[in-house]
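> Quick one: sequence plus predicted model below, questions after.
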Amino acid sequence: MEPTNFIEDIIIEDLKTGKHKSIVTRFPPEPNGYLHIGHAKSICLNFGLAEEYDGVCHLRFDDTDPASEDPEFVEAIKRDVKWLGFDWGDNLFHAADYFEALYEFAVELIENGNAYVDDLSPEEIRKYRGSWTEPGKNSPYRERSIEENLDLFKRMRAGEFPDGAKVLRAKIDMGSPNMNMRDPIIYRIKRMPHHRTGDDWVIYPMYDFAHPLSDALEHITHSICTLEFEDNRPLYDWFLENTSVPSRPRQIEFARLNLAYTITSKRRLARLVELGHVGGWDDPRVPTIAGLKRRGYTPESIRDLCERVGVAKNNSLVDMAMLEHCVREDLNKRAPRRMAVLRPLKVVIENFPEDKVVEVEAINNPEDPSMGKRKLPLTREIYIEQEDFMEDPPRRYRRLAPGREVRLRYGYVIKCEDVIKNDEGEVVELRVSCDFDTLGGKTPDGRKVRGIIHWVSAEHAVDAEVRLYDRLFTVENPAEREDFVDYVNPKSLEILTGCKLEPSLKDGALGSFYQFERQGYFCIDTEDSKPDSLVFNRTVALRDTWAKIQQRNG
RNA sequence: UGGGGGAUCUGCUAAUGGUAGGCGAGAUGAUUUUGGAUCAUCGGGUCCAGGUUCGAAUCCUGGUCCCCCAGCCA
């Protein structure tokens, strides 16, 4: 049996003792930005738990602050959750849909003497709050009568006071060692149209108040959030205890996902986008779900990652290698293999007749015979990868060098006879000879040819732009730096033009993924690729043990 | 400084008083028409100090280190 995490243990126990007959979880994003890989963990957790334990998971937009929210984001979020493979069915909600009910709960709090209208300014409120070492002071308005509070709150709603003039606060304990309990603000006046309720409201509830009550209204059983809300839990419970809610959800906190060399914070991501360090929320370098999707990551690989990293309460920084392993494993099974030369070097096979075209047979995916085979045209002039030739090769180099042999993948063995250079001394062309007895992997005389390189027929090649990506930041944990934007990797994007692809790649659909043999996994860019100007993104390079050996030696 | 959390291989995570295990990364070898994939093998850990116990990663005591909280953000 799969090991369970501590949240599952709680659920199993609650189901066993009959505390709950079935579970209801929720994923509650604020529509103020795009979802990222950290949210993916939460989505997988909440929806995954619902699937596993035969419950349901709601998608609820936590839209209590019109200042930062935008309907563009709600659509993007819905798209991303769906893309990840989850379905909320009819359970799509907005905290804004509960504004009237929430208002009533606030009135109830006032009626029970548990909330009051405060006239203190924001600065005064901050001062009165005290500090970690000093208790706060009661507001002079704390002891207003219930009637006065009711009247004032009603007039706050009616728009009689300017923004910021008054707030509604819970009356708890200004001396509490937990800052959250020092009479937290539960309503503020903000004249700002809301993306769902328009101009209906000039007062908006705060998260701490709206969240537990929304959970209760939806009969959420397990309200799962991240660690930084641990201190808010007593307040979460306080609101449930002091209002007549229809159910009693339980808040459980887990550690958010952090990935090395990137950021998983909506606010910071938003800044990168605003500052123009990346092309947008779906820039393939950015760990948003939209970015990962555009980069070529599959939903399966992201879900796999979330499963592998597990759920616990330790702050952790997950190695990018884990994510990369997940995509490679998925794409290895599913991606059709193709030939693509990224940095072309022209090669003329001197004993190959001018007009001859040999159609060689190539396997589409050695991991999956059902994907079939295809024909590749081989002609006198071909392109190979520049790095597959070295004039003065190091030890153990298995590719082409003057006088050396190499096999063309699925083709013949060729031998480098001559090297042609330009005036700068750069190698611009190779003249080679071909051994026509070596098709099909054979060498009739039994000689060993270790190197195998990929190639594309010059005459048949399709040109393309290929975008290579590197880590977005130069430091492992940019979020902990004073200003993370100082560490954006200037080399995070490398654009290659004039890449030579095998002809079958011309008709690929947007978003389709391939393995370029010996290179990595690539997908057709959904935004910029056009039939006559193809653009590919490199999702992830293949593991490269040769590069590793070289790095070790040099 | 008050409060709330957390510490297990190099990274992530199991073991719920009874053999410290898995995955990733790394190394080595086999195999291979991708220096890919696959397979096999190896190395490597309980924050520290005491205590309870036949037995402690787990329970107790005392330390150390790390994270979070003083928005009319969520």
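Received the coordinates, thanks. Numbering: from 1, shown residues only, chains lettered A, B, ... in the order given.

> Check which element follows the helix or strand hosting residue A:406 along the chain.
Following DSSP states H and E, one finds residue A:406 within strand A:405-408. Sequence-wise, the next helix or strand downstream of strand A:405-408 (DSSP H and E) is strand A:413-421.

> average pLDDT across that next one?
For strand A:413-421, the mean per-residue pLDDT is 98.

> Skip ahead from it and say which helix or strand is next.
Going down the chain from strand A:413-421, the next helix or strand is strand A:427-435, by DSSP H and E.

> For the helix or strand just after that next one, name the packing helices and strands.
Following strand A:427-435 in sequence order, the next helix or strand is strand A:452-453 (DSSP H and E). When contacts are defined as 3 or more CB pairs under 8 Å, 6 or more residues apart in numbering; DSSP states H and E, strand A:452-453 packs onto strand A:405-408. Glycine gets a C-beta too; all of them are placed from N, C-alpha and C.

> and the strand it packs on, is it in reach of RNA strand B?
Yes - on the criterion CB under 7 Å from any atom of the strand, strand A:405-408 is in touch with RNA strand B at residue A:407.

> partner strands of that strand, parallel or antiparallel?
For strand A:405-408, the paired strands and their directions (DSSP bridges) read strand A:413-421 (antiparallel), strand A:452-453 (parallel).

> May I ask you to confirm that residue A:71 is in contact with residue A:194?
No - Residue A:71 lies out of contact with residue A:194 (CB atoms under 8 Å); the separation is 10.3 Å.

> neighbour-wise, which of these two wins?
More crowded of residue A:71 and residue A:194, by other CB atoms under 10 Å: residue A:194, with 20 against 12.

> That one: what's it in contact with?
Counting by CB atoms under 8 Å, 6 or more residues apart in numbering, residue A:194 touches A:63, A:66, A:69, A:96, A:200-201, A:204.

> if we go to 6 Å?
Counting by CB atoms under 6 Å, 6 or more residues apart in numbering, residue A:194 touches A:66, A:96.

> what about it, distance to residue A:369?
According to CB to CB, to the nearest Å, residue A:194 and residue A:369 sit 56 Å apart.

> and what of residue A:291?
34 Å.

> So between these two, which is more surrounded?
residue A:291 (24 against 10).

> so which strand or helix has that one?
With elements taken from DSSP H and E, the one containing residue A:291 is helix A:289-295.

> Then residue A:496?
In the assignment (DSSP H and E), residue A:496 maps to strand A:493-501.

> touching RNA strand B at all, that strand?
No - Strand A:493-501 does not reach RNA strand B (CB under 7 Å from any atom of the strand); its nearest approach is 14.9 Å.

> Surely residue A:297 and residue A:330 touch.
No - counting by CB atoms under 6 Å, residue A:297 sits too far from residue A:330 to count as a contact (8.8 Å).

> higher neighbour count, those two?
Of the pair residue A:297 and residue A:330, residue A:297 is the one with more neighbours under other CB under 10 Å, namely 27 against 20.

> Pull out the buried positions in stretch A:167-187.
A:167-172, A:174, A:176, A:180-187 (16 or more other CB atoms under 10 Å).

> Sorry, slip of the keys, the one I care about is stretch A:311-318.
For stretch A:311-318, by 16+ other CB under 10 Å, it's A:311, A:318.

> Now do that stretch, average pLDDT.
The average of the pLDDT scores along stretch A:311-318 is 97.

> For that stretch, measure first residue to last.
Terminal residues of stretch A:311-318 are spaced 12 Å apart (CA to CA, to the nearest Å).

> how about it, does it reach RNA strand B?
Yes - Stretch A:311-318 reaches RNA strand B (CB under 7 Å from any atom of the strand) through A:311-318.

> Flag every residue of the stretch 51-200 of chain A that's near RNA strand B.
Counting by CB under 7 Å from any atom of the strand, the residues of the stretch 51-200 of chain A lying close to RNA strand B are A:62, A:64-65, A:67-68, A:120-122, A:125-126, A:129, A:131-133, A:163-165, A:167, A:177-180, A:185, A:188-190.

> Of these, select the buried ones using a PyMOL command.
Remark: buried members of these, expressed as a PyMOL selection using 16+ other CB under 10 Å:
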select buried, chain A and resi 62+64+65+120+125+129+167+180+185+188+189
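
> Which of the residues of the stretch 51-200 of chain A next to RNA strand B fall in strands?
A:167, A:185, A:188-189 (DSSP state E).

> Reformat those as CSV; add pLDDT.
Below are those laid out as CSV (pLDDT from 0 to 100):
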residue, pLDDT
A:167, 98
A:185, 98
A:188, 98
A:189, 98
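
> Residue A:88: which of those residues is nearest?
Checking these against residue A:88 with CB to CB, the nearest one is residue A:188 at 29.5 Å.

> distance of the nearest residue to that closest one once chain neighbours are set aside from residue A:186?
Computed as CB to CB, 6 or more residues apart in numbering, the closest residue to residue A:188 that is not its neighbour in sequence is residue A:167, at 5.3 Å. To residue A:186, residue A:167 is 8 Å away according to CB to CB.
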